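Trainee: please find the sequence and the predicted model below.
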Amino acid sequence: MNILREFMQFIQASPTAFHAVANLRNMLIRAGYHELNEGESWSVTAGRRYFVTRNQSSIIAFRVPERGASHFQMVASHSDSPCFKLKPSPKREAQGYAMLNVEKYGGMLMSTWLDRPLSVAGRVVVETEHGLETRLVNIDRDLALIPNLPIHFNRDANDGVKLNAQVDMLPVYGTAGADIIALAAQQIGVRAEWIVGMDLYLVNRDAPRLWGASNEFIASPRLDDLECAFCSVHALINSASSDHIDMACVFDNEEVGSGTRQGADSTFLSDTLERIVSALCPDRQALPSAIARSFMLSADNAHAVHPNHPEKYDDGHRVAMNAGVVVKFNASQKYTSDGVSQAVFERVCKFAGVPVQRFANRSDILGGSTLGNIANTHASMPTVDIGLAQLAMHSANESAGARDLAYMERAMRAFHEAEIDIVSDGKIHVHSEK
Ligand code: ZN
């Protein structure tokens, strides 16, 4: 199947980070990857492929070569997107309506969540006769909506409206008496009273779609960062095996600062690296030397120039959709790219015939941050920040270039198939093995 069609199915089936990780896990199992459990001792052997999850919302997959490996080549991305989370007692009623009590998860453009079909998805904890078990929930139908106030009561609506998450963003999901827990229970075939815990989110129901005169754009929820997450696992599975350990790491909670048990600012990556190296090599110096010789792509989407507001973008560093993979730069190191990591990645893209664009913010605009620099505080290696150019980042419905997804996947495959040999500090050889 065409990779774009495959991605569109993936994103529609991934309303939350839990679902995204479950779907990536299924892709890996189908490709012969073996699941490891963090709570058990690991035996990792040459020539085999593995993955491990944490909190069901982060996943690290890796492939061990037949011949002894000296380092890792990894891609890091994130599984979460800005949305609203249901509070622990979510049921409210007002004026005869059944409402949900929600709070913000991450920094979304709130107005884009108004007047569109929404639903509820995530994870619940069910009490069973064997103990507590989690179940994924996706109420896969138009269930909820956050109505705008009519313009007649808000004459200044087109001059900018301040939205208060406590007041303006509570969705309606029926008439008084409706019960969200009962609906979730029904969807997974359990009794409502068996649900004893939950991590449920309000999610956008829009299906991904192509648009434009030549269908050159894709509009969809969660393009940031499921485009990079999907490409990273697809490229790991579909790249030729190499002489180093290839990895795809997808972390949750980037949108709320990464500082969680399963985020990029956790021990998940460093624990995994340590366990792989100790299983393959008894030498106590093997881990730091393997990490020092490793290389990371920190993959998170970038801002395509907005045609109505080009003044918001730096003259000389504007990037476009369908023009290839973006390398992101920031002198304050919100992005990890430097001259060395840029040169290595751009060489890999050259091997693959993938066009590259360079992005930097205006010097008077702060811009965003991502996960590469955070992951580097736990496992430090040369890293480059990359992404795909998209419009309307953190809108409920973002847009990107329909041709770019294949560029990113090809660049990531070429990255795994290249041998990046860090000979000494300041000396790197990059060979294409194909
Ligand atoms: Zn992102």
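Mentor: Received, thanks.

Trainee: rest of the way, CA atoms for contacts and neighbours
Mentor: Will do.

Trainee: next up, the contacts around the residue in the stretch 251-400 of the chain positioned nearest to the ion.
Mentor: Minimum separation of the stretch 251-400 of the chain from the ion (C-alpha to the ion) falls at D300, amounting to 4.8 Å. D300 sits next to 77-78, 224-225, 228, 370, 385-388 when contact means C-alpha atoms under 8 Å, 6 or more residues apart in numbering.

Trainee: and those residues, which is the shakiest by pLDDT?
Mentor: Here the lowest pLDDT out of these sits on T370, with 90.

Trainee: tell me the SS of that one?
Mentor: coil (DSSP: H, G, I helix; E, B strand; the rest coil).

Trainee: shouldn't it be in contact with Y335?
Mentor: Yes: shown here, T370 and Y335 form a contact pair, counting by C-alpha atoms under 8 Å, at 7.1 Å.

Trainee: tell me the pLDDT at E433?
Mentor: Value for E433, per-residue pLDDT: 66.

Trainee: now do the domain split for this protein, please.
Mentor: 2-81+221-432, 83-204 (automatic domain parsing).

Trainee: what sits opposite T175 in the beta ladder?
Mentor: In this entry, T175 is beta-bridged to Y97, by DSSP bridges.

Trainee: circling back to that earlier point, look up how far P147 lies from the residue of the stretch 251-400 of the chain closest to the ion.
Mentor: Separation of D300 from P147 (C-alpha to C-alpha, to the nearest Å): 31 Å.

Trainee: can you give me the helices in the stretch 201-350 of the chain?
Mentor: Assigned by DSSP state H, counting those that start in this stretch, the stretch 201-350 of the chain shows helices spanning 223-238, 268-280, 286-292, 339-352.

Trainee: tell me the helix or strand right after the last one.
Mentor: By that I understand helix 339-352. As assigned by DSSP states H and E, the chain's next helix or strand after helix 339-352 is strand 356-360.

Trainee: pLDDT (mean, whole number) over that next one?
Mentor: pLDDT averaged over strand 356-360 gives 97.

Trainee: what lies in contact with it?
Mentor: 302, 314, 317-319, 323-330, 346, 349.

Trainee: and the two most separated of the residues you listed?
Mentor: Longest distance between any two of these is 23.8 Å, between D314 and C349; criterion C-alpha to C-alpha.

Trainee: next, find the distance separating I276 from H71.
Mentor: For I276, the distance to H71 - C-alpha to C-alpha - is 11 Å.

Trainee: of those two, give the one with the bigger neighbour count.
Mentor: Counted by other C-alpha atoms under 10 Å, I276 and H71 do not tie: H71 has more neighbours, with 25 against 19.

Trainee: look at the spatially closest residue to that one that is not a sequence neighbour and report its pLDDT.
Mentor: Nearest residue to H71, sequence neighbours excluded (C-alpha to C-alpha, 6 or more residues apart in numbering): A290, at 4.5 Å. Note for A290: predicted pLDDT of 95.

Trainee: tell me the contacts of A290?
Mentor: 70-72.

Trainee: how much space separates S214 from E227?
Mentor: Taking C-alpha to C-alpha as the measure, S214 falls 21 Å from E227.

Trainee: give me the more crowded residue out of the two.
Mentor: Neighbours were counted for S214 and for E227 using other C-alpha under 10 Å; E227 has more, 28 against 8.

Trainee: could you measure the nearest residue to the more buried one once chain neighbours are set aside against the ion, distance?
Mentor: With sequence-adjacent residues excluded and distances taken as C-alpha to C-alpha, 6+ apart, E227 is closest to L405, at 6.9 Å. Distance of L405 to the ion, given as C-alpha to the ion, to the nearest Å: 15 Å.

Trainee: quick check: L405 is in a helix.
Mentor: Yes: using three-state DSSP, the assignment for L405 is a helix.

Trainee: so which residues on the chain come close to the ion?
Mentor: For the chain, the contact set with the ion under C-alpha under 5 Å from the ion comprises 224-225, 300.

Trainee: remind me which residues of this structure are low pLDDT?
Mentor: The model of the chain has pLDDT under 70 over residues 1, 433-434.

Trainee: so how far is C249 from E227?
Mentor: In terms of C-alpha to C-alpha, E227 sits 14 Å off from C249.

Trainee: make that T16, sorry
Mentor: For T16, the distance to C249 - C-alpha to C-alpha - is 17 Å.

Trainee: higher neighbour count, these two?
Mentor: Set side by side, T16 and C249 show more neighbours around T16, with 28 against 25, by other C-alpha under 10 Å.

Trainee: need the contact list for the nearest residue to the more buried one once chain neighbours are set aside.
Mentor: Nearest non-adjacent residue to T16, counting by C-alpha to C-alpha, 6+ apart: G122, 6.0 Å away. By C-alpha under 8 Å, 6+ apart, G122 lies in contact with 15-16, 18-19, 136-138, 198-201.

Trainee: having no further points to raise, I will conclude here.
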